[in-house]
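# sequence below, structure please.
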Amino acid sequence: MIIIEKPITEAQLKEMAGLILDEEAKTGLDIHDLECVLRGKEGVLYEGLNDEGEANALFMRRFFDELIHKEEVRKCSFLLVNIGMAAESPLMMDDMNALHEFFESFDNDDMEMKWGIKTNSEGLGMSMLVICTHYI
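From the prediction side, this is the model:
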């Protein structure tokens, strides 16, 4: 699993909208969700791809386990998670426990968390996109 990490500010709002917003999403995020996480804030974007064909829940747990140890993630006040499920391997309710456990691992009761699920293009494995931000 490769995790790409890059700094992000509200200047990337349009770029992030292109990655996240999907009219056919199963549980979609909208532009207001994205603005809430980015306007007047800065942080980090993390992207991961299940290139090893792992089971959904295992991939999600491994991805979240990597993230939870990063200082930028631990100190963020806003968190947006966009899950791209593989068309040939849809998410099951049990798979979503990994997301719930990730959210529960934060001690910050004031943290705002948003999440959505979309179906990736045919042939693309499961992907994760996480935006962690805080006020500038």
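
# OK, contacts around Asn97?
Ala57 (CB atoms under 8 Å, 6 or more residues apart in numbering). To be clear about C-beta, it is placed using only N, CA and C from the backbone, and glycine gets the same treatment.

# ah, wrong one, I meant Ile131
Residues near Ile131 by CB under 8 Å, 6+ apart: 8, 16, 37-38, 43-46, 78-80.

# next, format those as CSV and append distance to Lys26 and neighbour count.
Below are those laid out as CSV (distance: CB to CB, whole Å; neighbours: other CB atoms under 10 Å):
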residue, distance to Lys26, neighbour count
Ile8, 24, 21
Met16, 19, 22
Val37, 20, 26
Leu38, 23, 22
Gly43, 25, 25
Val44, 26, 19
Leu45, 22, 19
Tyr46, 21, 22
Phe78, 22, 19
Leu79, 19, 22
Leu80, 16, 25
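
# closest one to Gly125 out of those, please.
Closest approach to Gly125 among those (CB to CB): Tyr46, at 16.4 Å.

# and for that closest one, nearest residue in space, chain neighbours not counted?
Val130 (4.5 Å; CB to CB, 6 or more residues apart in numbering).
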